[in-house]
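Attaching a predicted model along with its sequence, questions to come.
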Amino acid sequence: MSLGNVARIAEARDLEQSPHDLDTERAVLGALIVENGLLDAVRAVVSPEAFFRDAHRRICRAVYELGDSGIPIDPLTLIAIHRDRGELDAVGGPAYVTSLIDGLPRGMNATTHAARVAHHHHQRLALAGLEAAKRDLYAGELPDLSRLSALLSAATVGAGGGAGVLEIVTEHDLAARPQPTGVVRGVLPTGITCIAGAPAGGKTTTAASIAVAKASGHRWLRLYEVAERGPVIIMAGEAAENLPRLLKAARHAHGLGLEDVLPIWIIPQAFSLFTPGREYAELLAYARSIEPRPLFIWDTLGIYSAGAKENDNTEMQVVMSNLRAIHGDHLVLHHTDKGERDARGAGAIRANLDALFMLIDTDGRIVLSNAKQRAAAKAADIHLQLVADPAIGAAAVRTASSITRAPGELSANQRTVLDALWETFATTGAGVPQLEAALPHVKQRTLYDAVDKLVTHGFARRDGGRVYPVNR
């Protein structure tokens, strides 16, 4: 069984049955035409014979020949070379050659796409080899088993998840990729963030506040910039019935109405990331269909790791790996250890986190303390306060003014001015006229003195004639 025979059998197989992806083939050729500098990297991965469509094989050969000759590769040059060879109609004509550069995906990884084309080629050869071996057996002849084994081995390399091939990238590919922006700038990075705290300590309430900020694009707590407005999916394995009230209270705390927020999707069913089944498969497919990048909130890790031993590194690694495989950013709510100094469970949990926050609750005052940031400096402590909304029947988190951290340092008037800065002017800052209007009962001289003291002691800062509170 010669390689030529195998190739002819592969080409003769039914179009719909043979592994191929014509869009990927077009994308590789288009990338080479647009960016000639990719030629060496792509050529190292895929040969012209690997393309399924005959027109694409012809075009790829011409591209490689032009590259060898040092001639710039562009649609007009390709059209001319195929016209000279008398094969312009065979490659689809001028319109088809020109169309190869239309609609190329932004930041396309050309070498990974080329590897996908090559992988499909090896799969087709393996299938053709099996067909040839079957024919040999029916004819009473012994198949070339060593050749068949080599074809099958080549077809199974990189046959795991994703695109089915080992990702091979160049510096150009990496630079062209969109860079991650995170969820909340300087606080929640791209990837997996965990908020760990004691039961009933405000984790879900804090997560509802983050969900509203992400879905609205407004600053979280009116202070922290949201990187991108986008979809939120809450995996509500715990206390799903309370979520509508918590989300409504969070919108009110942000000064937002329902019309200001993208729909927040709630999935109340619980399933295990340790022994994933149909629900996990459906979520994987659903997540890949969502753009921009969604934020998943998991309430709680214990529920979604059912069946795994929480202190077993191997089993929790399975849970965390399956979590990371879901397209999107993830905010995981979890419980603390007995000393409430770290997230509960195996080291594999913490090792897989991109950020970890400890939520410390003392009489309604919450400190969100950053225990880990994988690729950035740790965020400063965020001081929060649970504030009940009687009209809704739920609480929301708001920023706690700096006076709650150092009450002995400030007079009553200074506390009044600082409260006004946090409540009304946290993001915009205030000039003295705005403060006078907001605090008509405070004398002007007292107001000036209070602002000076707040700035001197680091509770506020001046910038361009305005005063801003400082989250110390």
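Yes, it's here.

Low-confidence bits of the stretch 1-150 of the chain, can you list those?
1-17, 105-108, 146, 149-150 (pLDDT under 70).

now the helices for it?
Assigned by DSSP state H, counting those that start in this stretch, the stretch 1-150 of the chain shows helices spanning 3-12, 22-34, 39-43, 54-69, 75-84, 93-99, 110-138, 145-156.

cool, the stretch 351-472 of the chain as well?
Taking DSSP H, counting those that start in this stretch as the test, the helices found in the stretch 351-472 of the chain are 412-424, 432-438, 444-456.

Let me know which of these is tucked in deepest.
helix 412-424 (a mean of 19; mean count of other Cβ atoms under 10 Å). No exception for glycine: its C-beta is placed from N, CA and C like everyone else's.

what angle do it and helix 444-456 make?
With axes from the mean of the first three to the mean of the last three Cα atoms, to 10 degrees as the basis, helix 412-424 and helix 444-456 are set at 70 degrees to each other.

Please provide the alpha-carbon coordinates for helix 412-424, formatted as PDB.
This file holds the C-alpha atoms of helix 412-424, laid out as PDB (Å, rounded to 0.1, in the frame of the first residue of the first chain):
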ATOM      1  CA  ALA A 412     -17.400  64.700  64.500                       C
ATOM      2  CA  ASN A 413     -17.300  67.400  61.800                       C
ATOM      3  CA  GLN A 414     -14.500  65.700  60.000                       C
ATOM      4  CA  ARG A 415     -16.400  62.400  60.000                       C
ATOM      5  CA  THR A 416     -19.500  64.300  58.600                       C
ATOM      6  CA  VAL A 417     -17.400  65.700  55.800                       C
ATOM      7  CA  LEU A 418     -15.800  62.300  55.000                       C
ATOM      8  CA  ASP A 419     -19.200  60.600  55.000                       C
ATOM      9  CA  ALA A 420     -20.400  63.100  52.500                       C
ATOM     10  CA  LEU A 421     -17.400  62.500  50.300                       C
ATOM     11  CA  TRP A 422     -17.900  58.800  50.300                       C
ATOM     12  CA  GLU A 423     -21.700  58.800  49.900                       C
ATOM     13  CA  THR A 424     -22.000  61.500  47.200                       C
END
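
Show me what that helix is packed against.
When contacts are defined as 3 or more Cβ pairs under 8 Å, 6 or more residues apart in numbering; DSSP states H and E, helix 412-424 packs onto helix 432-438, helix 444-456, strand 466-469.

I'd like the helices of the stretch 351-472 of the chain laid out as CSV, including mean pLDDT and distance to residue 139.
Formatted as CSV, the helices of the stretch 351-472 of the chain follow (pLDDT from 0 to 100; distance: least, Cβ to Cβ, whole Å):
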stretch, mean pLDDT, distance to residue 139
helix 412-424, 81, 86
helix 432-438, 90, 93
helix 444-456, 90, 93
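
would a markdown table of the ones you listed with distance to residue 228 be doable?
Below are these laid out as a markdown table (distance: least, Cβ to Cβ, whole Å):
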| stretch | distance to residue 228 |
| --- | --- |
| helix 412-424 | 26 |
| helix 432-438 | 31 |
| helix 444-456 | 34 |
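
give me the number of residues near residue 89?
Counted with other Cβ atoms under 10 Å, the neighbours of residue 89 add up to 11.

Got phi/psi on it?
The phi/psi pair for residue 89 (degrees, to the nearest 10) reads phi -70, psi -30.

rewinding a little: quick check: which of the helices of the stretch 351-472 of the chain is nearest to residue 137?
Closest to residue 137 of those is helix 412-424 (Cβ to Cβ; 81.3 Å).

would you put the C-alpha positions of stretch 248-259 in CSV?
What follows is stretch 248-259, C-alpha atoms only, in CSV (Å, rounded to 0.1, in the frame of the first residue of the first chain):
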residue,chain,number,x,y,z
LYS,A,248,-32.3,44.3,43.4
ALA,A,249,-30.7,45.6,46.5
ALA,A,250,-27.3,45.7,44.7
ARG,A,251,-28.8,47.7,41.9
HIS,A,252,-30.3,50.2,44.3
ALA,A,253,-26.9,50.5,46.1
HIS,A,254,-25.3,51.3,42.7
GLY,A,255,-28.1,53.8,41.8
LEU,A,256,-29.2,51.6,38.9
GLY,A,257,-32.6,50.4,37.6
LEU,A,258,-33.4,47.1,36.0
GLU,A,259,-33.1,48.7,32.5
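
got the contact list for residue 155?
When contacts are counted by Cβ atoms under 8 Å, 6 or more residues apart in numbering, residue 155 is found next to 119, 122-123, 125-126.
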